[in-house]
Each structure stands twice: as C-alpha cells, then as structure tokens.
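Student: Next comes the sequence, and after it the predicted model I'd like to discuss.
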Amino acid sequence: MSLYRSLREREAKGEPVRVGLVGAGKFGAMFLAQARKMAGVHIVGIADLEPERARLALEATGWATERVGAADVESALRTGGTWLTDDTQALIEAPDLDILVEATGSPRAGIAHALAAFTAGRHVVMVNVEADALAGPLLARRAAEAGVIYSLAWGDQPALICEHVDWARTCGFEVVCAGKGTRYLPRFHHSTPETVWEAFGITAEVAARGGMNPQMFTSFIDGSKSAIEMTAVANATGLVPQAEGLGFPPAACRELAEVCRPRAKGGQLSRSGTTEVVSSLRRDGAKIEDDLTLGTYVVVAADHDYVRRCLGEYGFSADREQEHFALWRPAHFIGLELGISIASIACRQEPTGCADAFRSDVVAVAKRALRVGEILDGEGGFSVWGRQLPATTSLERGCLPIGLARGLRLIREVEEGGLVRWDDVESSPSDEAVLFRREMERQCLEIEGPERSETS
C-alpha cells in the first residue's frame with residue numbers, strides 16, 4: 001500500500017487525518033515545515049505553554065497567515081485552519097482528532113499527555129523519547145487496552161533503527177547489533193551546560209546565535225540521549241543491552257561489521273542481539289572519515305556459505321571472515337520525516353516502532369561527587385548523566401531512572417561515577433510519574449533465561 005496514495009485518497013474524500021501537536025520546539029517546527037504540504041493531513045491545533053512560540057514556528061516554516069490562529073477548535077475543524085492554545089487537554093479532547101503528536105521533551109508531561117489521549121481515544125506519536133524510555137512498555141499496553149496505537153516517531157533515530165531490525169528479520173537474517181552514531185570520548189560524560197560547546201568544537205556565542213539549547217546538547221554529548229534512544233530500541237525490538245551498557249567504540253561506516261560483532265568473534269560487543277552506539281572520534285580525539293555521526297545501522301549474521309559468497313560477489317560491507325555485514329542509513333531528517341508515522345498509523349494502523357516489554361533502562365550516574373542536600377537537575381544538567389543497563393540489572397541495583405532524576409533532593413552522598421539509587425534520594429510517594437513507573441516495573445518486565453535474580 002502506498003502511503004502517499006492513501007493520503008491523497010483521504011484528501012479527495014474530504015476525510016483528512018486530523019492531528020494535534022503538543023510542543024512547538026525544534027522537532028515540532030520541523031514537522032510543521034512539511035505538514036503544511038502533506039496531502040490528506042490537517043493540523044487541527046498546536047498546544048504549547050507559550051502559544052506565541054507556536055505562531056512563530058508556523059510563520060518561520062512558511063505557513064500562510066490565513067491558515068493560522070483559528071479562534072477555537074470548532075473554527076479550525078470547520079475552516080481547515082489551525083488553533084493555537086496553551087490548553088493541552090482541550091486539544092486532546094477536540095472533536096474528531098485522530099492523532100496526538102507529543103513533542104514536549106518532558107518525560108512527566110509525556111506520560112500525562114499520552115494517558116489523557118488514550119482515554120479520549122486518540123492515537124499517540126511519542127516524539128518524547130524520554131517518556132518512552134521511562135515508561136514506554138506500560139504506555140503501549142495502556143494504548144492497546146484503549147484500542148489505539150502508540151508509536152515511536154519516524155525521523156528520530158529509534159524508529160529508524162526499529163525499521164532496520166524489522167527489515168533484517170523479515171529477510172530471515174539474525175540481528176547481531178543495531179544502533180546509531182554519535183560524537184564520543186570518555187571525558188564527555190562529565191560535560192555540563194557550561195562546558196558542552198567545547199565538546200562540539202564551537203563557541204558559546206555561535207551556539208547562542210543558533211538558538212542551541214545547552215541542556216539539550218549536553219544530553220547529546222554526555223551519553224544520556226544515546227542511552228535513552230537505545231533503550232527505546234531495545235524495548236521495541238527484543239534486542240537487549242550489553243551487560244554494562246554502551247561502549248561507544250570508534251567505527252567508520254565501513255568498519256561496522258568488524259566492530260559491532262561479539263568479542264568472541266573479534267568485535268567489541270559483550271553479546272549478540274544487542275544495541276550499540278559507535279563514535280565518530282578515535283579515542284585520541286581524531287575524527288573518523290566516513291563516520292556515522294547522524295546515521296543509523298544494523299549488523300546481521302551470514303550463517304551459510306552461499307550467503308557469504310554473495311556478500312563477496314556483490315561487495316557488501318562485511319567483516320574479514322564474511323560472517324557479518326552491515327547496512328546503514330547515513331542520516332536522519334528528524335521532524336521533517338514525521339509524516340511517515342502519521343501516515344502509517346492513519347492508513348495502515350501500524351506504529352513505526354512500539355515497546356512490547358521492559359528489557360532496557362536508563363539510570364542516573366553521578367558526573368561528580370554529589371553531596372547530601374543537593375537537588376538533582378536531571379538529563380543534560382550538571383549532576384548526572386544517563387547510562388543504559390538491562391532492566392533486570394537496574395531493578396536489582398535499585399537504580400534511579402534518569403527520567404525521574406530532576407528536582408529530587410539527595411539524602412546520601414554519591415561518589416563520582418556512582419549509580420544514583422532510589423535510596424539516595426527523597427521522593428514523594430504520591431508522585432504520579434513515579435507510581436506509573438513502578439507499575440510498569442511490575443507489569444512489563446521481560447524475563448529471559450536463568451540469569452534472572454529473585455529480586456527482579
């Protein structure tokens with residue numbers, strides 16, 4: 001089925017896919033830039049804490065003035081215009097809304113908005129991968145119970161990696177590893193909003209002119225975003241984290257099949273069937289040519305001599321033994337590609353990636369020695385970074401998820417590089433996000449084999 005043809009048919013029938021967007025930041029603006037040209041799609045409304053930001057995003061992305069600023073949701077539905085509001089619940093409850101795109105970046109807000117959307121019978125595209133890493137498996141379960149679809153966002157790397165994995169398995173290949181590229185050096189784990197631009201090789205002035213958010217970019221460089229995204233992939237595909245998380249081995253695209261295979265086979269993975277993020281920098285800081293900084297990949301096993309001969313004959317990117325080969329996508333287009341998720345849900349009733357079990361977690365690690373009384377500032381801040389671990393390991397060690405590591409007061413000291421645990425912080429027993437996360441731990445943990453501890 002052609003998604004484009006299906007959208008054109010909906011447009012011809014006067015039955016567009018009605019979409020609401022929550023969060024008019026960078027991702028939301030990129031989506032809007034293309035949504036104005038998508039056949040059969042109507043952006044009914046945009047909810048943002050500052051509606052003026054939504055108006056500016058529409059203006060910056062080429063929307064005609066007459067399409068912006070409907071007086072209310074009824075007017076937007078009647079005229080085909082777009083309503084701007086700070087009332088997310090009103091947007092969720094808008095008549096005939098089909099899909100809610102959650103792009104706030106706040107895990108707490110993302111969970112609350114998704115649950116409200118399920119209650120209202122709306123499908124959800126979760127751009128907010130922080131919320132998915134924190135509680136995606138239970139959100140997916142709640143969506144299924146409500147008879148709606150919960151989906152990762154195409155254009156963000158997790159959904160693209162899920163597609164790589166699905167392609168490989170559909171073709172009969174064993175998936176050895178899947179992941180993405182990034183800039184990485186071990187010292188980047190200590191990055192803060194004050195030092196982040198040095199890691200990117202730019203000045204604070206250049207970053208300010210470009211409107212770059214230092215906290216967001218700190219999350220990109222300190223390893224947190226990589227751990228969050230690989231957790232979303234693992235929970236949606238059945239791949240599992242390596243025992244102690246991501247290793248960030250340096251690798252050019254042509255080296256992926258050599259590097260991203262188990263150590264027993266000469267590679268740098270602790271196991272097969274896992275996630276890994278490769279670095280575009282050698283450990284001495286030298287930049288790798290033909291790197292995968294903005295791309296995604298999958299490595300599969302060639303388990304028969306005939307297949308291995310084919311790899312050689314057709315020049316596929318394989319390891320020296322022709323036992324593994326890699327396929328990669330050199331870039332992702334972020335919000336510009338989100339229309340694929342909208343169309344997949346509306347026309348095929350399929351998500352573009354969706355968690356089905358709790359296999360992976362992202363835990364808070366101290367960037368420096370933390371003292372009693374300090375308030376944690378969460379992802380991309382000064383106090384902690386996020387590390388991927390198997391879900392069972394996280395629960396056995398009592399680790400604090402990075403998605404909840406904001407605004408909590410430390411009641412115990414944590415050494416630099418130490419895992420922050422629930423026992424180290426003061427939290428409210430009535431916190432709705434905490435309660436939802438705890439419920440997910442009880443309902444959605446996938447147990448594999450004899451490695452399970454009785455405490456998990």
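Tutor: Right, received. Where do you want to start?
Student: same question for the helix or strand containing residue 275, mean pLDDT?
Tutor: According to DSSP states H and E, residue 275 maps onto strand 274-279. Averaging pLDDT along strand 274-279 gives 98.
Student: And the contacts of that strand?
Tutor: Defining contact as CB atoms under 8 Å, 6 or more residues apart in numbering, one finds that strand 274-279 is touched by 176-185, 226, 230, 233-234, 239-242, 246-251, 256, 259-260, 268-269, 288, 292, 297, 360, 388. The way it works is simple: take the backbone N, C-alpha and C, and place the C-beta from them, glycine included.
Student: Tell me which stretches of the stretch 151-300 of the chain form helices.
Tutor: Taking DSSP state H, counting those that start in this stretch, the helices of the stretch 151-300 of the chain run over residues 157-170, 196-200, 204-209, 214-221, 224-237, 256-259.
Student: before we move on, back to that, can you turn the buried part of the contacts of strand 274-279 into a ChimeraX selection?
Tutor: Command for ChimeraX, covering only those of the contacts of strand 274-279 found buried under the criterion 16 or more other CB atoms under 10 Å:
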select :176,177,178,179,180,181,182,183,184,185,226,230,233,234,239,240,241,242,246,248,249,250,251,256,259,260,268,269,288,292,297,360,388
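Student: so of the contacts of strand 274-279, which ones are in strands?
Tutor: Among these, the ones falling in strands (DSSP state E) are 176-182, 297, 360, 388.
Student: pLDDT and distance to residue 376 added to these, as CSV?
Tutor: CSV is the format used below for the ones in strands among the contacts of strand 274-279 (pLDDT from 0 to 100; distance: CB to CB, whole Å):
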residue, pLDDT, distance to residue 376
176, 98, 36
177, 98, 32
178, 98, 31
179, 98, 28
180, 98, 27
181, 98, 29
182, 98, 24
297, 98, 33
360, 98, 21
388, 98, 19
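Student: Which single one of these is nearest to residue 41?
Tutor: residue 180 (27.7 Å; CB to CB).
Student: which non-adjacent residue is nearest residue 174?
Tutor: Distances taken as CB to CB, 6 or more residues apart in numbering place residue 301 nearest to residue 174, at 4.3 Å, with adjacent residues excluded.
Student: now residue 142, nearest residue through space, not along the chain?
Tutor: residue 118 is the one closest to residue 142 (CB to CB, 6+ apart), at 5.4 Å.
Student: The one you found: helix or strand, and which one exactly?
Tutor: Element membership of residue 118, judged by DSSP H and E, is helix 107-119.
Student: Adjacent strands (with direction) for the very next helix or strand once past that helix?
Tutor: As assigned by DSSP H and E, the chain's next helix or strand after helix 107-119 is strand 123-126. Using DSSP bridges, strand 123-126 pairs in its sheet with strand 99-102 (parallel), strand 150-152 (parallel).
Student: for the record, mean pLDDT for strand 123-126?
Tutor: Regarding strand 123-126, the rounded mean pLDDT is 98.
Student: Give me the angle between the helix or strand just after that strand and helix 224-237.
Tutor: Going down the chain from strand 123-126, the next helix or strand is helix 129-146, by DSSP H and E. Orientation note: helix 129-146 sits at an angle of 20 degrees relative to helix 224-237 (axes from the mean of the first three to the mean of the last three CA atoms, to 10 degrees).
Student: got the buried residues for helix 129-146?
Tutor: 129-143, 146.
Student: Nearest to residue 191 among those residues?
Tutor: Nearest to residue 191 among the buried residues of helix 129-146, counting by CB to CB, is residue 130 at 17.8 Å.
Student: Mean neighbour count, the helices of the stretch 151-300 of the chain: which tops it?
Tutor: helix 224-237 (a mean of 29; mean count of other CB atoms under 10 Å).
Student: Report all helices and strands that that one contacts.
Tutor: If you count contacts as 3 or more CB pairs under 8 Å, 6 or more residues apart in numbering; DSSP states H and E, helix 224-237 packs onto helix 129-146, helix 157-170, strand 174-182, helix 214-221, strand 274-279, strand 360-366, strand 384-390.
Student: what angle separates it from strand 384-390?
Tutor: If you take the same axes, to 10 degrees, helix 224-237 sits at 30 degrees to strand 384-390.
Student: And the residue nearest the centre of the chain?
Tutor: The centre of the chain sits closest to residue 129, judged by CA atoms, centre = their mean, with a distance of 3.6 Å.
Student: Mind pulling up the pLDDT for it?
Tutor: pLDDT for residue 129: 98.
Student: so how far is residue 446 from it?
Tutor: Computed as CB to CB, to the nearest Å, the residue 129 to residue 446 distance reads 20 Å.
Student: Next, count neighbours for residue 74.
Tutor: The tally of other residues near residue 74 (other CB atoms under 10 Å) stands at 12.
Student: Tell me the secondary structure at it.
Tutor: helix (DSSP: H, G, I helix; E, B strand; the rest coil).
Student: helices and strands of the protein: which one has the lowest mean pLDDT?
Tutor: strand 68-70 (a mean of 84; mean pLDDT, DSSP states H and E).
Student: roughly how far is that strand from the heart of the chain?
Tutor: Computed by CA atoms, centre = their mean, to the nearest Å, the chain-centroid distance of strand 68-70 equals 31 Å.
Student: helices or strands up against it?
Tutor: helix 51-60, strand 82-85.
Student: what about the chain, any weak spots by pLDDT?
Tutor: Within the chain, the segments meeting pLDDT under 70 span 1, 447-456.
Student: switch to 80 and redo it
Tutor: Along the chain, segments meeting pLDDT under 80 span 1, 209-211, 447-456.
Student: one step back: between the helices of the stretch 151-300 of the chain, which gets nearest to residue 151?
Tutor: Of these, nearest to residue 151 by CB to CB is helix 157-170, at 7.7 Å.
Student: distance of residue 169 from residue 298?
Tutor: Applying CB to CB to residue 169 and residue 298 gives a distance of 10 Å.
Student: same deal with residue 202?
Tutor: With distances taken as CB to CB, residue 202 is found 31 Å from residue 298.
Student: the more surrounded of those two?
Tutor: A side-by-side neighbour count of residue 202 and residue 298, using other CB under 10 Å, places residue 298 first with 26 against 14.
Student: contacting residues for that one?
Tutor: Residue 298 touches 161, 164-165, 167-168, 175, 177-178, 326-328, counting by CB under 8 Å, 6+ apart.
Student: how about the residue nearest to it when sequence neighbours are not counted, what does it touch?
Tutor: Distances taken as CB to CB, 6+ apart put residue 164 closest to residue 298, at 3.8 Å, once the chain neighbours are dropped. Residues in contact with residue 164, defined by CB under 8 Å, 6+ apart, are 178, 296-298, 327, 329.
Student: if we go to 10 Å?
Tutor: The contact partners of residue 164, taken as CB atoms under 10 Å, 6 or more residues apart in numbering, are 175, 178-180, 233, 237, 296-300, 326-329.
Student: swap in residue 192?
Tutor: Contact analysis of residue 192 by CB under 10 Å, 6+ apart lists 214-215, 218, 222, 367-368, 377, 380-383, 385.
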